[in-house]
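>>> okay, predicted coordinates and the sequence, questions at the end:
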Amino acid sequence: MVRSVLEDAADIEEFLEKTAGLIDQKIEEYIPRKYEGDAVVFELNPPRYNPDLEALDKAISDPIWEFLDRGGKRWRPALFLLVLEALGGDSGSYLDFAIIPEVIHNGTLMADDVEDSSELRRGKPCTYKMFGLDIAVNVSDALFFLPMLVLMRKKVKIPQEQSNKLYAIFVQEMISLSFGQAMDIAWHRGLVSNEIAEDQYLQMCMYKTGTLARMAARMAAVLAGADEDVVRVMGRFAESIGVSFQIQDDILDIVGVEFAKGKGGQGMDISEGKRSLMVIHTLRNASPKDKSRLLTILSMHTLDEKLRREAIDIIRKYNSVEYAKEVAETLMRESLNEVDKILNPSKAKEMLVALANYLIERKM
């Protein structure tokens, strides 16, 4: 079924759209919209007494599916499937595994919104605004672990060695996620006194945004039976996609009018005091006056549109948007060169390259 979607897709957007539908169906197998006694979680972890199913619906399923139904590109599971196919694996057999990075990703978004005191996500009030802080925190935690039911279920028999590698990848990448978020929070809260260097920013992105892409690619490579070197190279490639995706996200916050609407307006990263690559580049090159003014506005965490526009003007004055685009493109080009050496020509390889280009060129 998945292979036919790949072959029939005319372009990467069509492939993403078709994949998203398949992934949502699979997520529903493991996280039902309404809990019943035969849910997978109860099959794998039988309750001793009597769980309150209505409570689970209200405090787990409802907020999860309200959030998932808002959409999203689902590009991480698409990446998983393409890597698996490109390495000669049967993506149809391992479709369930593709939900792992996607479900975790949505958990990170809910947590991010709480930590950043955000108002909107995908054009609607954040989960904690709709359902309460307590429910949002608990649901985000649940989303970190619920997709691992795929491994517990053992719907597809895989060797114990592969299973161990998948669990190890999960643990490693979840640690990286928390490290990336810690760095990001410390920076925009002003907890760090020293000036942030570009390589520190890139490492933060590799921890935070690169992690789930890397998880997807590494898990796919393991399931395809690839050796350690190939697993590493594919992980690095996916990591670069994640970092480039984050840089493009930051750029769109500054210049993407339609993109910014779903977050509450242009320059919301300014309101959060975010140290993006563009901000780092500006601070490195700005006059003392402009540097001081930009730091002042960032420290205010203001929602004032005029002040956000002033900060954006300072950033654009030093061609920092163009610089960030160049860094993202260079990072992606270098990673694509490495991948090209180990992947044989195939439709999956072509789509993998198309996905990478799409994610760093997108306008939304």
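The structure has been received and is ready for your questions. All of these numbers come straight from a predicted model, not from anything done at the bench.
>>> how close does Ala354 get to Pro32?
34 Å (Cβ to Cβ, to the nearest Å). C-beta here means a position set from N, CA and C on the backbone, and glycine is covered the same way.
>>> higher neighbour count, these two?
Neighbour comparison, Ala354 and Pro32: the larger count goes to Pro32, with 19 against 16 (by other Cβ atoms under 10 Å).
>>> tally of neighbours for the spatially closest residue to that one that is not a sequence neighbour?
Spatial nearest neighbour of Pro32, chain neighbours left out: Ala39 (5.6 Å); criterion: Cβ to Cβ, 6 or more residues apart in numbering. A count of nearby residues for Ala39, using other Cβ under 10 Å, gives 19.
>>> do you know how far Ala39 is from Asp57?
Counting by Cβ to Cβ, the gap from Ala39 to Asp57 is 11 Å.
>>> next one: Pro101
Pro101 is 25 Å from Asp57, by Cβ to Cβ.
>>> for the two, indicate the residue with more neighbours.
When neighbours are counted by other Cβ under 10 Å, Pro101 and Asp57 differ, and Pro101 comes out ahead with 27 against 17.
>>> what residues are up against that one?
Shown in contact with Pro101 (Cβ atoms under 8 Å, 6 or more residues apart in numbering): 76-77, 80, 212-213, 215-216, 219.
>>> would you map the strands across the stretch 1-150 of the chain?
Remark: strands assigned in the stretch 1-150 of the chain by DSSP state E, counting those that start in this stretch are 120-121, 124-125.
>>> using TSV, lay out these together with mean neighbour count and distance to Ala168.
What follows is the strands of the stretch 1-150 of the chain, written out as TSV (neighbours: other Cβ atoms under 10 Å; distance: least, Cβ to Cβ, whole Å):
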stretch	mean neighbour count	distance to Ala168
strand 120-121	18	31
strand 124-125	14	37
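>>> count the neighbours of Arg76 for me.
Neighbours of Arg76 (other Cβ under 10 Å): 27.
>>> strands along the stretch 201-350 of the chain, start to end?
In the stretch 201-350 of the chain, no strands are defined using DSSP E, counting those that start in this stretch.
>>> which residue ranges form the helices in it?
Here the stretch 201-350 of the chain has its helices, by DSSP state H, counting those that start in this stretch, at 210-223, 228-255, 257-261, 268-271, 277-285, 288-300, 305-317, 320-342, 347-361.
>>> okay, those, which one's buried deepest?
Comparing those by mean neighbour count (mean count of other Cβ atoms under 10 Å), helix 210-223 ranks first with a mean of 28.
>>> list the helices and strands that one packs on?
Other helices and strands packing on helix 210-223, by 3 or more Cβ pairs under 8 Å, 6 or more residues apart in numbering; DSSP states H and E, are helix 75-86, helix 99-116, helix 160-188, helix 228-255.
>>> any chance of the ones you listed in CSV, with distance to Thr296 too?
Listed next are the helices and strands packed on helix 210-223 as CSV, based on distance: least, Cβ to Cβ, whole Å:
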stretch, distance to Thr296
helix 75-86, 37
helix 99-116, 20
helix 160-188, 14
helix 228-255, 18
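>>> mean pLDDT and distance to Ala142 added to those helices, as JSON lines?
Output for these, formatted as JSON lines (pLDDT from 0 to 100; distance: least, Cβ to Cβ, whole Å):
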{"stretch": "helix 75-86", "mean pLDDT": "96", "distance to Ala142": "18"}
{"stretch": "helix 99-116", "mean pLDDT": "96", "distance to Ala142": "7"}
{"stretch": "helix 160-188", "mean pLDDT": "95", "distance to Ala142": "14"}
{"stretch": "helix 228-255", "mean pLDDT": "94", "distance to Ala142": "23"}
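>>> ok so, going back, and of the strands of the stretch 1-150 of the chain, who's closest to Leu166?
strand 120-121 (29.3 Å; Cβ to Cβ).
>>> neighbouring strands for that closest one, and are they parallel or not?
strand 124-125 (antiparallel) (DSSP bridges).
>>> outside of the partner strand, which residues touch it?
70, 119, 130.
>>> Ala226: which of those is nearest?
Among the contacts of strand 124-125, and counting by Cβ to Cβ, the member closest to Ala226 is Arg70, at 34.4 Å.
>>> quick one: contacts for that closest one?
121-124.
>>> try it again with 10 Å
106, 109, 121-124, 127, 262 (Cβ atoms under 10 Å, 6 or more residues apart in numbering).
>>> report pLDDT for the residue nearest to Pro32.
Here the pLDDT value assigned to Ala39 is 96.
>>> my read: it touches Leu53, true?
Yes: checked against Cβ atoms under 10 Å, the pair Ala39 and Leu53 is within contact range at 8.7 Å.
>>> ok, Ala78 touching Leu352?
Yes: contact between Ala78 and Leu352 holds when scored by Cβ under 10 Å: they sit 9.5 Å apart.
>>> overlap in contacts, the two.
Ile12.
>>> for Ala286, give me the backbone phi and psi.
Torsion angles at Ala286 (phi, psi; degrees, to the nearest 10) stand at phi -70, psi 160.
>>> ok, the nearest residue to it once chain neighbours are set aside - contacts?
Nearest residue to Ala286 in three dimensions, chain neighbours excluded: Tyr318, at 5.8 Å (Cβ to Cβ, 6+ apart). Neighbouring residues of Tyr318 by Cβ under 10 Å, 6+ apart: 278, 281-287, 290-291, 294.
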